[in-house]
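# Just need the structure, nothing else, for what follows:
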Amino acid sequence: MNRKVFTVVAAAFAVTLLPLAGFAQTPAPPAAPAAAPAAAAHPPKAYVPGLEQFMNVILMEHNKLWFAGKARNWALAEYELGEIKEVMGDVQDTVPVFKNLPLADMLDAVITKEIVALEKAIAAKNFKQFAAGYDKLNAACNACHQGTENGFVVIKRPTTPAFTNQDYRPHKK
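Down below sits the predicted model:
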């Protein structure tokens, strides 16, 4: 998932809500001062997701990764891990520093250690290595949350798929 997808989702959301704006019961603002028309010439700001939106996407892919690996659907597990890496890259580009901490560098450490270990386990189609790597990825996520004073966000192995309409079993291509 990348910024383009987030932009499309945000645009779709806005287009869905725009027709409802006519039903708003707010009074018209008072007449604007003479300088106001110049301010109206500025284009609207582009939507850039915040760290929480990126993390929620990672959490969703993280859930799917577990169920793909548990089902030994290694192609899907590889795909989901790739999606996690892509969003982590987006975070590095968009929010390189968080609470005065080098978030980009912190994520780089996770990508080069825990993610690489999971890639190897998936390539080997070894569930035992996958499960151990998944747990180490959870621990790395939780350590980052602790380090950014967000220790109340605790990641664990999921017990239920986030999406019950996805079949996690392997299928022939």
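# Go ahead and report the secondary structure state at the residue nearest the centre of the chain.
Among the residues of the chain, the one closest to the centroid is Val57, at 2.6 Å (CA atoms, centre = their mean). The three-state label given to Val57 by DSSP: H, G, I helix; E, B strand; the rest coil is helix.
# That one reaches Val87, doesn't it?
Yes. Between Val57 and Val87 there is a contact under CB atoms under 8 Å: 5.2 Å. Where C-beta positions appear, they are placed from N, C-alpha and C, glycine not excepted.
# how many other residues sit next to His93?
Not His; residue 93 is Asp. 11 (other CB atoms under 10 Å).
# Equivalent analysis for Ile115, please.
20.
# before we move on, what about Asp167?
Asp167 - counted by other CB under 10 Å - has 12 other residues nearby.
# now swap in Asn100 and tell me
Neighbours of Asn100 (other CB under 10 Å): 7.
# go on, Gly50?
Around Gly50 there are 10 other residues, counting by other CB under 10 Å.
# now the one 4 residues further on
Using other CB under 10 Å, Phe54 has 20 other residues around it.
# Begin at 59 from now on, thanks
Renumbered: residue one is now 59, and that last one reads Phe112.
# Quick check on it: phi, psi?
Main-chain dihedrals, Phe112, degrees, to the nearest 10: phi -60, psi -40.
# swap in Lys157?
Torsion angles, degrees, to the nearest 10, at Lys157: phi 50, psi 40.
# If you count neighbours, what's buried in the host helix or strand of Leu195?
For Leu195, the host element (DSSP states H and E) is helix 185-205. For helix 185-205, the buried set under the neighbour-count rule, 16 or more other CB atoms under 10 Å, comprises Phe185, Gln187, Phe188, Gly191, Tyr192, Leu195, Asn196, Ala198, Cys199, Asn200, Cys202, His203.
# which residues does the fifth one contact?
By CB atoms under 8 Å, 6 or more residues apart in numbering, the contact set of Tyr192 is Leu123, Trp124, Gly127, Leu176, Arg215.
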